[in-house]
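A.B. asks: Structure for the following, please:
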Amino acid sequence: MNAEIIGVGTELLLGQIADTNAQHISTALAEIGVDVHRHTAVGDNLQRMTLVIREALARCDALIITGGLGPTPDDITREGVAAALGLELRRDPELVALIRAIFASRDRAMPDSNLRQADLPAGARAIAPEGTAPGFTLESPTGVVFALPGVPWEMKAMLEKAVLPELTVRSGGAAIVSRQILVLGLGESLTHEKIADLVDAQTNPTIAYLAGKGQVRVRVTAKAGSQADAAALIDPVEAAIRARLGPAAVPGDHDSLTTALPALLADRAATVAAAESLTGGLIGVELTRAPGASAFFRGSLVCYSDQAKTEVAGVPRDILDCFGAVSEQTAAALATGAASRLGADLGVAATGVAGPGEREGQPVGTVFVGACWKGRTIARRAFTYGDRDNIRALAVTAALDLGRRMIEGTA
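C.D. replies: Model prediction:
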C-alpha cells in the first residue's frame, strides 16, 4: 500500500510554519508498512486544492490531508475533497450536536460559523474531534481519504485512534524499519565510493544518504511482515556497510553526534568540556542539545582573544607567540586546558579562521581541532568550506568527532 500526505495552508507555502505533521505521519505509516510516496503542500485556494487532491487520488491507495478543517472561510478542505470527487457537502446532525456540546461543556457561546465543521462530503464518516474540528474518512473510487486537523496534538490523536488501525488492516500488517549509520570524516562522495556495490545491489533493504554539517547518515530500510523480520534483513547489510567504513561509522543507531558522543560518555561514566575560539560556544550548544547534558557536560571556555586563551584556558604564551592562535599546537593546548580547568575526562577544542578575511596569514576555512582524553592529547587540521556559518558548523563536528575517536581508541 502506498500513501500520500497533503498539508493544507498558505502559511506552509510562506514558510511561516514547518509541516511537522507530514514527518510524524510518515514515521507512523512506516511502522505499519505503508509506503509514503509524496508530501505536498497547497495553499487555501479551492481550485488548486481540488487539483492537488484529484492528482493524488489518481496515484495513491491512501491519502491523508491535514489542515483546513476549522470554522473560518479559509478552511476549505471539506470543499476541496468534495469538489475533487464530485460530491455534495451535507451537514451531519450528529456532528452539529457534538460541536454544540463541546462549547457548552466549556461554558462558551458557539459562533454560528463553527457549524461549517459539521459539513462533510456525501458518504464520508466523521472522526470525532479532539478539539472542536472533526475529521473524516471517505472511500474514493481509487483509495481511501482521511482528513485531519492541522493542529499537531489533535492530528496525532486522530491518527492513532482512527487512521493507523484502519490502514494496518488494509496494508496486511507489514512493517517498515529504518536504521541509521552515522558516518564522520569521509564525506558523502567517499562514503558512497566505499559501499557503491552494496548500493547498486540493493533491493530490500534499500540504502540512502543524508548529508550535512560534516556528517553523513546512511539509512538502511527494510520492509517485511513484522518489525523483527525487517530488522533481521537489515542486520547483514548494516554489518557489511560498517566493515567497509571502519572507524568512520559511529557505533549504534544515531542521527548526529548530539546523541552519539553522550552515549559514549555515559557508557564510561565520563565527562566532557570544551575550549572554543572559532566556534564561540557552538560546541557547548551542540552538547547541551542532548537531554540530561548536565550529567556529562562540565562547561565550555569561550576564548576568542589570545588573552582569553592564555588567562582562561591556560594556553602558554610561548605557543601563541611561536605558532599563532590558528595552529595545531594551540588547538591541542586549548583541549588540554578545557579538560584540566573544568575537571573533565575529555577536553575538545576548535580554533581557526571563519572569515571574512585571513588571520595570521591563514586563509578563510583554516581550522584546527584538538581533543584530550584522560591526559592524551591529539590535534589535527579539519577540512572546511563554505561561508562563515558552515565553516563553524564543520569545526564543531570535527572537534566532537576527534573526541569520539579518542574515546574509542581509533584516533
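
A.B. asks: Enumerate every residue touching the spatially most central residue of the chain.
C.D. replies: For the chain, the residue whose C-alpha lies nearest the mean C-alpha position (Cα atoms, centre = their mean) is D255; its distance is 7.9 Å. Residues counted as contacts of D255 (Cβ atoms under 8 Å, 6 or more residues apart in numbering) are 180, 182, 217. Where you see a C-beta, it was placed from the backbone N, CA and C, and this is true even at glycine.

A.B. asks: cutoff 10 Å now
C.D. replies: 180, 182, 210, 215, 217, 219 (Cβ atoms under 10 Å, 6 or more residues apart in numbering).

A.B. asks: just the buried members of these?
C.D. replies: Those of the contacts of D255 that meet the buried threshold are 180, 182, 215, 217, by 16 or more other Cβ atoms under 10 Å.

A.B. asks: for the stretch 251-400 of the chain, what spans make up the helices?
C.D. replies: Along the stretch 251-400 of the chain, counting by DSSP state H, counting those that start in this stretch, helices occupy 257-267, 282-287, 306-311, 317-323, 328-342, 388-408.

A.B. asks: Going by neighbour count, which residues of the fifth one are buried?
C.D. replies: Of the residues in helix 328-342, those scored as buried under the neighbour-count criterion (16+ other Cβ under 10 Å) are 328-339, 341-342.

A.B. asks: How about L95, nearest residue that isn't a chain neighbour?
C.D. replies: Spatial nearest neighbour of L95, chain neighbours left out: A118 (3.7 Å); criterion: Cβ to Cβ, 6 or more residues apart in numbering.

A.B. asks: and what of S277?
C.D. replies: Using Cβ to Cβ, 6+ apart, the closest residue to S277 is T351 (4.1 Å).

A.B. asks: For that neighbour, give the beta-bridge partners.
C.D. replies: Beta bridges link T351 to F368, judged by DSSP bridges.

A.B. asks: Compute the number of surrounding residues for it.
C.D. replies: The tally of other residues near T351 (other Cβ atoms under 10 Å) stands at 31.

A.B. asks: Same question for the one 4 residues further on.
C.D. replies: Other residues within reach of G355, judged by other Cβ under 10 Å, total 14.

A.B. asks: Pretty sure it sits against Q362.
C.D. replies: No - counting by Cβ atoms under 10 Å, G355 sits too far from Q362 to count as a contact (11.2 Å).

A.B. asks: Can you pull the phi/psi pair for the residue lying closest to V163 once chain neighbours are set aside?
C.D. replies: Leaving aside its chain neighbours, V163 sits nearest to F146 (5.1 Å; criterion: Cβ to Cβ, 6+ apart). Backbone torsions for F146, taken as degrees, to the nearest 10, come to phi -120, psi 130.

A.B. asks: How about F146: which residues does it bridge to?
C.D. replies: I64, T137.

A.B. asks: how much space between it and A270?
C.D. replies: Relative to A270, F146 is positioned 48 Å away (Cβ to Cβ, to the nearest Å).

A.B. asks: same deal with T66?
C.D. replies: 44 Å.

A.B. asks: can you count the residues close to P141?
C.D. replies: Neighbours around P141, by other Cβ under 10 Å: 7.

A.B. asks: related to what we said a few turns ago, out of the helices of the stretch 251-400 of the chain, which one sits most buried?
C.D. replies: With neighbours defined as mean count of other Cβ atoms under 10 Å, the helices of the stretch 251-400 of the chain peak in mean count at helix 328-342, which reaches a mean of 25.

A.B. asks: Please name the residues that touch the closest residue to I127 other than its chain neighbours.
C.D. replies: Once flanking residues are discounted, I127 sits nearest to G135: 3.6 Å by Cβ to Cβ, 6+ apart. For G135, the contact set (Cβ under 10 Å, 6+ apart) comprises 64-66, 69, 77, 117, 120, 124-129, 146-149, 154-155, 157-159, 162-163.

A.B. asks: Need the pLDDT of G135.
C.D. replies: At G135, the model reports a pLDDT of 95.

A.B. asks: that older thread, please name the residues that touch the residue nearest to L95.
C.D. replies: Going by Cβ under 10 Å, 6+ apart, A118 touches 78, 89-100, 126, 134.

A.B. asks: Mind giving me the ChimeraX select for those, buried ones only?
C.D. replies: What follows is the ChimeraX syntax selecting those of the contacts of A118 that are buried according to 16+ other Cβ under 10 Å:
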select :78,89,92,95,98,99,126,134
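
A.B. asks: Can you tell me which of the contacts of A118 end up in helices?
C.D. replies: Among those, the ones falling in helices (DSSP state H) are 78, 93-100.

A.B. asks: pLDDT weak spots in the stretch 301-411 of the chain?
C.D. replies: By pLDDT under 70, the stretch 301-411 of the chain has no low-scoring segment.

A.B. asks: which one of the contacts of A118 is nearest V169?
C.D. replies: Distance to V169 across the contacts of A118 (Cβ to Cβ) is lowest for A126, with 19.4 Å.

A.B. asks: quick one: that closest one and L148 touch, right?
C.D. replies: No - with contact defined as Cβ under 10 Å, A126 does not count as touching L148 (12.0 Å).

A.B. asks: Which of the contacts of G135 are buried? Put it as a ChimeraX command.
C.D. replies: Listed next is the ChimeraX selection for buried residues among the contacts of G135, using 16+ other Cβ under 10 Å:
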select :64,65,66,69,77,117,120,124,126,127,129,146,147,148,149,154,155,157,158,159,162,163
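
A.B. asks: In the stretch 151-300 of the chain, what residue spans correspond to strands?
C.D. replies: Here the stretch 151-300 of the chain has its strands, by DSSP state E, counting those that start in this stretch, at 175-184, 206-212, 215-224, 272-276, 297-302.

A.B. asks: May I have the fourth one as CSV, with CA atoms only?
C.D. replies: Right, strand 272-276. This file holds the C-alpha atoms of strand 272-276, laid out as CSV (Å, rounded to 0.1, in the frame of the first residue of the first chain):
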residue,chain,number,x,y,z
VAL,A,272,33.5,16.5,28.6
ALA,A,273,34.4,20.1,28.5
ALA,A,274,35.3,22.5,25.6
ALA,A,275,37.5,25.4,24.9
GLU,A,276,36.3,27.4,21.9
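
A.B. asks: Neighbouring strands - and their directions - for that strand?
C.D. replies: Checking strand 272-276 against DSSP bridges gives partners strand 297-302 (parallel), strand 346-352 (parallel).
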